[in-house]
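Q: sequence plus the predicted model coming up.
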Amino acid sequence: MKLLLVCGGQSTEHAVSRMSCVNIYKNCDKSKYDIKVAGITKEGEWYDLVSTDFSSDNWLEGATKINDHFTFLKSFDVVFPVLHGQFGEDGTIQGLLEMAQVPYVGCRVMASCTAMDKIYAKKLFDQANIPQVPSLYVKKRYDDKLVVVDNEGRESFNVEMEIYTHLGFPCFVKASRSGSSVGCYKVNTLTDLLPKLHEAASYDRHVVVEKAINATELECAVIGNDDISASRVGQILPHGEFYTYESKYEDEQSATCIPARVDQSIQDYIRQAAVKAFKAVDGTGLARCDFFYDNDTGNVYLNEINTMPGFTNISMYPQLMKDAGLDTPALIDELIKLALQR
């Protein structure tokens, strides 16, 4: 079977994508798949890669530039788009693959673009009656002014007072369509609010502001097209105030544990809610569903769904699936099987 892995991309998670691709390539059964890897630069140029160390600075050494992307894609039996963030996890490359009529791993266009956008995902999860942390939607207009947008589309320019009144401090400011905690900031005072809003808006004009809670971060992996399976629940043990990009990929003192250190009843609820959330966005293939457990109230909130979660050797999704009985080679086989089934 001719398998294409695609990595890199134009998002803020470019480096994470390449690290994920290294791990997937190493774990692909070479007796089953004739594997090629395409790399997309931060500038959007495509290359047919020769090097297998896709995470190194020399990842493009000996590579051939791909000019006819469409014809190139159509030459494969299945594509695994190992791309995180914008232009990779947001429905764009999924649309290209749909047009090329090439099977691909992961969620389809609507599920990908909806889950990637925290603001619109929240609307769907509200409709599905899945609890979420109280939040507000802040938009940076094309005239560079910030406004709070309500559920009826009305805009308020009194951003600081809206956030102070409805959410208070501390709060979290998050770029809506960013991932790996890029463009995510904890704001403790009113003085810091506007600078952090503008900083988040430099990643995405749409920004989510959420009430900060004393939370334990919990994650659940789901897999399937029609009959969805959920893994046991894992727990994030960040070294620091919250799970930043640095604590995920650079801080060796951050850790994870499976199963999570919470009551079984909470884990059972999260597994059910993960499947419900996946179905709410019409997901297929795979996703990692992230939750908050409020240590003060005992409430559980859905944080977000990642439709192409990290696949590095320390990423939670492959760890959760290994715990469920699918090591990474078997997991790759199953994801390709699900891609071909659609």
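A: That came through fine. Residues are numbered from 1 along each chain as shown.
Q: rest of the way, CA atoms for contacts and neighbours
A: OK.
Q: local confidence estimate at the residue found closest to residue 101 once you drop the neighbours it is linked to in the chain?
A: Among residues not flanking residue 101 along the chain, residue 74 sits closest, at 7.4 Å (Cα to Cα, 6 or more residues apart in numbering). Predicted confidence (pLDDT) for residue 74: 97.
Q: contact partners for residue 74?
A: Each residue near residue 74 by Cα atoms under 8 Å, 6 or more residues apart in numbering is listed here: 100, 101, 102.
Q: what subset of those is buried?
A: 100, 102 (16 or more other Cα atoms under 10 Å).
Q: so which of the contacts of residue 74 are in helices?
A: By the criterion of DSSP state H, membership of the contacts of residue 74 in helices covers residue 100.
Q: as CSV, the contacts of residue 74 with distance to residue 317 would be great.
A: Output for the contacts of residue 74, formatted as CSV (distance: Cα to Cα, whole Å):
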residue, distance to residue 317
100, 28
101, 27
102, 25
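Q: among the contacts of residue 74, which one lies nearest to residue 145?
A: Comparing those against residue 145 with Cα to Cα places residue 100 closest, at 39.9 Å.
Q: tell me the spacing between the closest one and residue 123.
A: Look at residue 100 and residue 123: by Cα to Cα, to the nearest Å, they are 31 Å apart.
Q: do the same with residue 340
A: Taking Cα to Cα, one finds residue 340 at 31 Å from residue 123.
Q: go on, residue 9?
A: 28 Å.
Q: those two: who's more crowded?
A: Neighbour count, other Cα atoms under 10 Å: between residue 9 and residue 123, residue 9 has more, with 27 against 13.
Q: go ahead and confirm that one touches residue 81.
A: No. Between residue 9 and residue 81 there is no contact under Cα atoms under 8 Å: 9.9 Å.
Q: which neighbours do these two share?
A: residue 88.
Q: identify the residues contacting residue 7.
A: So residue 7 contacts 14, 17, 18, 21, 37, 38, 39, 40, 81, 82, 83 (Cα under 8 Å, 6+ apart).
Q: doesn't it belong to a strand?
A: Yes. Assigned with DSSP: H, G, I helix; E, B strand; the rest coil, residue 7 falls within a strand.
Q: how close does it sit to residue 158?
A: 41 Å.
Q: check residue 201 too.
A: In terms of Cα to Cα, residue 201 sits 17 Å off from residue 158.
Q: neighbour count winner among those two?
A: Ranked by neighbour count (other Cα under 10 Å), residue 201 and residue 158 place residue 201 first, with 24 against 11.
Q: and for the nearest residue to residue 338 once chain neighbours are set aside, the neighbour number?
A: Excluding its sequence neighbours, the residue lying closest to residue 338 (Cα to Cα, 6+ apart) is residue 285, at 6.0 Å. By the criterion of other Cα under 10 Å, residue 285 has 26 neighbours.
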